[in-house]
Every structure is written in structure tokens, then in C-alpha cells.
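[1] Sequence and predicted model, in that order:
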Amino acid sequence: MKTPRFILVQLSLILLIAGCDKQPDTAKNPATNEMLRVAYLPIIPDLPLFVAQEQGLFQKHGLTPELKKIAGSGNQVIETLSRGDADFAYLAYSTVLEAEQQAPGSFAVLHHNVDAKEFPSLYALVASPKSGIRSVSDLKGKTIGTFPGAAMLVLTKLMLTAEGLDPGKDVRITQLAPPAQVAALQTDQVAALLALEPNGAFAVHAGAGKYVDRWPLTPRVAKTIPTGGSVILRKTFETRADYVKKIVAAIDEAIDYIRAHPETAVACYVKYCDVPEAVAKQLPVLHYWKSTEADLQVCQDYADLLNREGALRAPLNVRTLYPDAK
């Protein structure tokens, strides 16, 4: 199978945004719909939430959504859920695994986005144009910036190891908050970034970086990586079955829409992720697993990898996150 190219916006984003904003007349009576408070980060993996909102899919399935933008990290999203200030969220799968270890039996995962060589990747290796870096192996003797967190540090080290580099000797790794990454590349604090999009596209658009590898982790680190997931409290899953079915149906339909209309879906990055139109043109549309498509062995393999490398403090049976798993 040939690797598909990144799906870019082929039409005017102005027209696409208009299409993204247009909601079909399928909503049920708002007075009888159930409230759904959605916590989200302004990042591209949350695209199914944005599409469900813009296409009226929550309302179609009997929900009245209230989107709460979280200006922070995935841990703050978990805290928002745990406090009862939100009912549903989408965030990094590693964050979900860490939270489940801290509070076993607290969360249920409904959907995923995944990285694999045959799909556009959330990750990108971006290097300064003057660095001379043309591949991962060229990072020897250089400084690379990465997203904060134990899981990202593990993935960075495994990427380097796969290319024959010693992460402790050959490369200096520095973890940077997303707002500081492009500036670090511009000022030569780092020679390259293992970036989560849209930061790679921001660096390229600013002239601070060039794409070196659009699939830096797959298959070097793993054939498939479950990078994100939609999450609900386990008690909600167990006590409000009909409510959860509505959420699942809305997001499943949003994923179908993304697959059928990627050019329109990607325009939602502009509205929800604070991404300029010129940057949105360079961003991928990720691959998502619907509620019936999750490969639990892939999820378990990823949890085992994080545990083996020290990003999780103990082994974790991921099946606890999927109450309906057979």
C-alpha cells in the first residue's frame, strides 16, 4: 500500500470555513436535549469534537453541547472531568493512562486517534534550515526540543535509539512548552524539534524550520501509536447508558464526516486551534478509530512500552478503560 500524501486544503479556506460553520437542520428540540459539557484543548487531535459541534451532530443525537476551552495541559482537562466541571473530553492517550493509574477505574475511553505510517502523523521532525539536519541520524551532536512530559521524552529517546544514537550521549534533549518551541528554533537554542502539529507547521511558516521527517515515530518506535482518545468518567458510563450512546453516536458520525470531507473538516483548525489559514494548509487530518474500531492489543502494547521505559509507574491492563470490551 502506498503511503497517502498529507491531506491539504485544496479550496479556499474562506469558503471551507463557511462550510464548517454551516449546521444542518437536524437538531432535536433543544428544550428536551441533554446538556453535554465538553472540555477541549485547542489542538488538532480534538477535530472530531469541532466537527460534531460545527455540523450539529451533538444536537442531532439529542445533546446540547457547551464547549469549554482549556488553556493548559491534558492534566488540567483530567482535573476538569474529575471535578465534575465537564462531562466529556478528548486528550492524549498517555495522559489517560497516567490518570487511570492514579485513580484506577475512574475513566472510560470511547474513541481514538492513531499514528501509523499509512496515515498522516501528529508528529513531525522539523530542523533549522541552517542546521544541516536532513534525517534523524543527523541529530548527533545537536540539541532537539520536544513537548513536555514523560511519554514524549520516552518517544524521543526511542526514536534516536532506533537510528543508532545514544540519547544520553549523542543528543541533548530539552523539553519545551509549545509556545516556546518556535522561538527556541529561531534563536538556535535547539537545532530541531520533535514537534506535535501544529507547531511543526508554525515553525515552517515562520521560516524557522523545514520538515525533515513527517513520520518520525512510526514505524521506528512502534508500528501504530494510539496518540489520543475521547474520555468520559467511568461512573457516567455505568449509570447513564443512553446519554453515553448519544455521545458515541455523535463522535462516530463526526469521524465518518472527517473521512468523507477532510478538506472541510480541516478548516475547523482555524476556528478552534488558533491557527492562521496559511498554517492550516500544511496540517494533516489525523486517522481516527470510531467506538467499534479500537484495537486493544495496540493500546496494550503502547501502555507496556511506556511502562517498560518508565513513563508509567507500573503495568496497566488497558481493558479497564473499555467497559464494553469483550
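    Done, it's in.

[2] Start from the N-terminal end of the stretch 51-200 of the chain and give the helices.
    Secondary structure of the stretch 51-200 of the chain (DSSP state H, counting those that start in this stretch): helices at 57-60, 74-82, 93-102, 150-162, 178-186, 199-205.

[3] Now render those as TSV, adding mean pLDDT.
    Shown next, in TSV, are these (pLDDT from 0 to 100):
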stretch	mean pLDDT
helix 57-60	97
helix 74-82	93
helix 93-102	96
helix 150-162	97
helix 178-186	94
helix 199-205	94
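
[4] got those helices as CSV, with mean neighbour count and distance to A294 columns?
    The C-beta positions use only the backbone N, C-alpha and C, and glycine is treated the same way. Compiled in CSV, these are given as follows (neighbours: other C-beta atoms under 10 Å; distance: least, C-beta to C-beta, whole Å):
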stretch, mean neighbour count, distance to A294
helix 57-60, 24, 20
helix 74-82, 19, 19
helix 93-102, 22, 11
helix 150-162, 20, 19
helix 178-186, 18, 27
helix 199-205, 24, 27
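
[5] Grab the nearest non-local neighbour of K140.
    Leaving aside its sequence neighbours, K140 sits nearest to D170 (C-beta to C-beta, 6 or more residues apart in numbering; 4.7 Å).

[6] That neighbour: neighbour count?
    The number of residues packed near D170 is 16, by other C-beta atoms under 10 Å.

[7] Could you number the chain from 59 rather than 1 from now on?
    I'll keep to 59 as the first residue from here, and by that count the last item is D228.

[8] which residues touch it?
    By C-beta atoms under 8 Å, 6 or more residues apart in numbering, the residues touching D228 are 197-199, 218.

[9] any idea which helix or strand carries the closest residue to L168 other than its chain neighbours?
    Excluding its sequence neighbours, the residue lying closest to L168 (C-beta to C-beta, 6+ apart) is S288, at 4.6 Å. Here S288, judged by DSSP states H and E, is contained in strand 282-291.

[10] Does anything pack onto that strand? Which helices or strands?
    Applying 3 or more C-beta pairs under 8 Å, 6 or more residues apart in numbering; DSSP states H and E, one finds that strand 282-291 makes contact with helix 132-140, strand 146-150, helix 151-160, strand 165-174, helix 299-318, helix 354-366.

[11] switch the cut-off to 7 Å
    Contact analysis of strand 282-291 by 3 or more C-beta pairs under 7 Å, 6 or more residues apart in numbering; DSSP states H and E lists strand 146-150, helix 151-160, strand 165-174, helix 299-318, helix 354-366 as its packing neighbours.

[12] most packed of those?
    With neighbours taken as mean count of other C-beta atoms under 10 Å, the helices and strands packed on strand 282-291 reach their highest mean count in strand 146-150, at a mean of 26.

[13] List of residues touching that strand?
    With C-beta atoms under 7 Å, 6 or more residues apart in numbering as the test, strand 146-150 has contacts from 94, 96-99, 103-104, 107, 132, 135, 139, 285-286, 288-290, 305.

[14] May I ask which helix or strand of this protein has the lowest mean pLDDT?
    The weakest-scoring helix or strand in the chain, judged by mean pLDDT, DSSP states H and E, is helix 71-79 (a mean of 39).

[15] Go ahead and report the secondary structure state at the residue most central in space within the chain.
    Centroid check for the chain by C-alpha atoms, centre = their mean gives P103 as the closest residue, at 3.3 Å. Recorded secondary structure, P103: helix (DSSP: H, G, I helix; E, B strand; the rest coil).

[16] my guess is it meets L180, correct?
    Yes: using C-beta atoms under 7 Å as the test, P103 is close enough to L180 to be in contact (6.4 Å).

[17] overlap in contacts of those two?
    285, 344.

[18] contacting residues around G203?
    So G203 contacts 232, 234, 239, 242, 248, 251 (C-beta under 7 Å, 6+ apart).

[19] Where does the prediction get shaky in the stretch 259-384 of the chain?
    For the stretch 259-384 of the chain, applying pLDDT under 70 flags the ranges 384.

[20] Could you report the distance from the residue nearest to L168 to Q111?
    14 Å (C-beta to C-beta, to the nearest Å).

[21] if I look at the nearest residue to A220 once chain neighbours are set aside, how far off is P123?
    Closest residue to A220 apart from its sequence neighbours, by C-beta to C-beta, 6+ apart: R278 at 4.0 Å. Relative to P123, R278 is positioned 38 Å away (C-beta to C-beta).

[22] Looking at these two, which is more packed in?
    Neighbour count, other C-beta under 10 Å: between R278 and P123, P123 has more, with 21 against 18.
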